[in-house]
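**Student:** here is a sequence with its predicted model. Questions after.
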Amino acid sequence: MRNLKVSKIWIPAFLLAVLMAGCGDSDRNAGTGNPGNPLTPPTVTSVTPTNGSTLICPNAAVVTATFSKSMNPATINTSTFTLTSGGASVAGQVSYVAATMIATFTPTATLAPSTTFTATITTGAQDSFGNALAANFVWTFTTSPTCPPPTVTSVTPPNASTLVCPNTAVITATFSKAMNPATINSPATTFTLASGGANVAGTVNYVVATRIATFTPSATLAPSTAFTATITTGAQDTFGLPLAANFVWTFTTSPTCVAPGGLALGAACTFGVLAATTVTNTGATIVRGDLGLSPGTSVTGFADPPANTYVGTGTHTAGLGLVTGTIHLTDPPPASTTDAATAQAALTVAYLDLQGRSAPAPATVAGDLGGLTLAPGIYKSTSTLGITGALTLDGGGNANAVWIFQIASSLTTLGSSSVVLAGSAQAHNVFWQVGSDATLGTNSTFNGSILALNSVTVTTGATLNGRALARNAAVTLDTNMVTVPPCP
């Protein structure tokens, strides 16, 4: 019986000792610097802008403070997070993101330039346990000098210049800094073209990569007329800074244009394909006209007779290609007006003729012709030329209108691009003199005769209403339709 009584006495004593040990001293770890401890005061671990720093334009500072522990959002406000300058408070909004423990002060307006600002987190800011900062946290930064507004660095046509035919000006302005595309818009309000006080209809676009804004008139500009182009102060850079003043320049169009004359292709006229080294085809290409090779001797990818008619001493490797006319492979003597060698000689004459045309005065073009509408005339590029999307050639109702393109280097059209004929324009009156190689993109549609110094490549599915004529190199085809237009 005695043993049982002793056990009953010690059991409650043991439980009381355990309870007292668990309670312990709750203040024992206070102030030890452990940020996870409920009683450790919060601190500011980092800020932006950094203390003592100087901003760069456009002085649109967002002031932030990162805390060491989760804060009570109700204590992070414009009373506990302030921004001042010269003793005056700066208007703004304060927010706090619990997930990142970052408080942000966003000024209502752009900060004044060349000014020192003081940011303060007061002891009113408390953590989620009600602990305040041990002391106000203060840092300073200085804004940059006045930010320069954007400027227009160059324009086309040049100021006070006179255009040359065919008065199909594309008006451009290049800016000194990146602009907000939404402020350079179409219909034109910040980039306008006017004559005699009346606005000219057109479209405006802005290319971020080049900082170039372009005004494209909807129609050919009237001859012998003065035009005024204007970029207004509504155009702003990406920081919201406008031009300091409207930028204005003028130009004058030329007198009424005289259309260029046509081109005699001579013996090359009936050839849809003519090459110097090789002709190579893949797939079911159809050439509606003649195919010629000289002085090369080998053609690949066209069906054997009787599907095709071959003339000459050269060789061929069979394929699926069909030619409605004759395939000339180094025609045997005597020379004739229809053989490939004679056609190559005619091609050289025609190429040099196109290259040397100077009347009417050529209009300078560059880069991408996609999206343009061009009137009849001579167009000259001093480098490469490309077509993305649609290029429209508008004859204005004249079926005899002629277009000549003088290209110093290569011609490349992208996939699914097109050369569109409008206003009675005819494919047999369109000529492309190419200073190196020509490439027509996949599934593109092209109108006109290509006279290339080197090679012509017509990629998969492209349609050519014209001629692929290569003076010194190869013609390569792939499942194409080549239709030779009537001789001009």
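**Tutor:** Structure's in. What do you need?

**Student:** the residue lying closest to residue 337 once chain neighbours are set aside in helix, strand or coil?
**Tutor:** Take residue 337 and drop its neighbours on the chain: the residue closest to it by Cβ to Cβ, 6 or more residues apart in numbering is residue 267, 5.5 Å away. Heads up, the C-betas are built off the backbone N, CA and C, glycines and all. Three-state assignment for residue 267 (DSSP: H, G, I helix; E, B strand; the rest coil): helix.

**Student:** residue 267 against residue 340, yeah?
**Tutor:** No: with contacts defined as Cβ atoms under 8 Å, residue 267 does not count as touching residue 340, sitting 9.1 Å away.

**Student:** more neighbours: those two, which one.
**Tutor:** Between residue 267 and residue 340, counting by other Cβ atoms under 10 Å, residue 340 is the more crowded of the two (30 against 22).

**Student:** which ones are touching the more buried one?
**Tutor:** 271, 274, 292-294, 312, 328-331 (Cβ atoms under 8 Å, 6 or more residues apart in numbering).

**Student:** kindly recompute the last result at 10 Å.
**Tutor:** Residue 340 makes contacts with 267-268, 271, 274-276, 290-296, 311-312, 314, 326-331, 347, as judged by Cβ atoms under 10 Å, 6 or more residues apart in numbering.

**Student:** now these: which count as buried?
**Tutor:** 267-268, 271, 274-276, 290-294, 296, 311-312, 314, 326-331, 347 (16 or more other Cβ atoms under 10 Å).

**Student:** mind checking which of those residues are in strands?
**Tutor:** 271, 274-275, 290-293, 311-312, 326-329 (DSSP state E).

**Student:** including pLDDT and distance to residue 434, could those go into JSON lines?
**Tutor:** Shown next, in JSON lines, are these (pLDDT from 0 to 100; distance: Cβ to Cβ, whole Å):
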{"residue": "271", "pLDDT": "97", "distance to residue 434": "16"}
{"residue": "274", "pLDDT": "98", "distance to residue 434": "14"}
{"residue": "275", "pLDDT": "97", "distance to residue 434": "14"}
{"residue": "290", "pLDDT": "97", "distance to residue 434": "21"}
{"residue": "291", "pLDDT": "97", "distance to residue 434": "19"}
{"residue": "292", "pLDDT": "96", "distance to residue 434": "18"}
{"residue": "293", "pLDDT": "96", "distance to residue 434": "19"}
{"residue": "311", "pLDDT": "93", "distance to residue 434": "28"}
{"residue": "312", "pLDDT": "90", "distance to residue 434": "26"}
{"residue": "326", "pLDDT": "96", "distance to residue 434": "26"}
{"residue": "327", "pLDDT": "97", "distance to residue 434": "24"}
{"residue": "328", "pLDDT": "95", "distance to residue 434": "22"}
{"residue": "329", "pLDDT": "92", "distance to residue 434": "24"}
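
**Student:** with distance to residue 436 added, can I get those in a markdown table?
**Tutor:** Putting these into a markdown table (distance: Cβ to Cβ, whole Å) gives the following:
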| residue | distance to residue 436 |
| --- | --- |
| 271 | 21 |
| 274 | 17 |
| 275 | 15 |
| 290 | 25 |
| 291 | 22 |
| 292 | 21 |
| 293 | 20 |
| 311 | 30 |
| 312 | 28 |
| 326 | 29 |
| 327 | 26 |
| 328 | 25 |
| 329 | 26 |
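
**Student:** all strands for the stretch 151-300 of the chain, in order.
**Tutor:** All strands of the stretch 151-300 of the chain, identified by DSSP state E, counting those that start in this stretch, fall at 152-156, 161-162, 171-175, 191-195, 198-199, 202-207, 212-217, 226-231, 247-252, 271-275, 278-282, 286-288, 290-293, 298-302.

**Student:** quick one: average confidence on the second one?
**Tutor:** Spelled out, that is strand 161-162. Computed over strand 161-162, the mean pLDDT rounds to 89.

**Student:** got the contact list for that strand?
**Tutor:** 155, 169, 224, 226, 249-255.

**Student:** which single one of these is nearest to residue 138?
**Tutor:** residue 155 (50.1 Å; Cβ to Cβ).

**Student:** who's in contact with the closest one?
**Tutor:** 161, 171-174, 213, 229, 231, 247-249, 251.

**Student:** now residue 487. Nearest residue, chain neighbours left out?
**Tutor:** Per Cβ to Cβ, 6+ apart, closest to residue 487 is residue 269, 4.0 Å.
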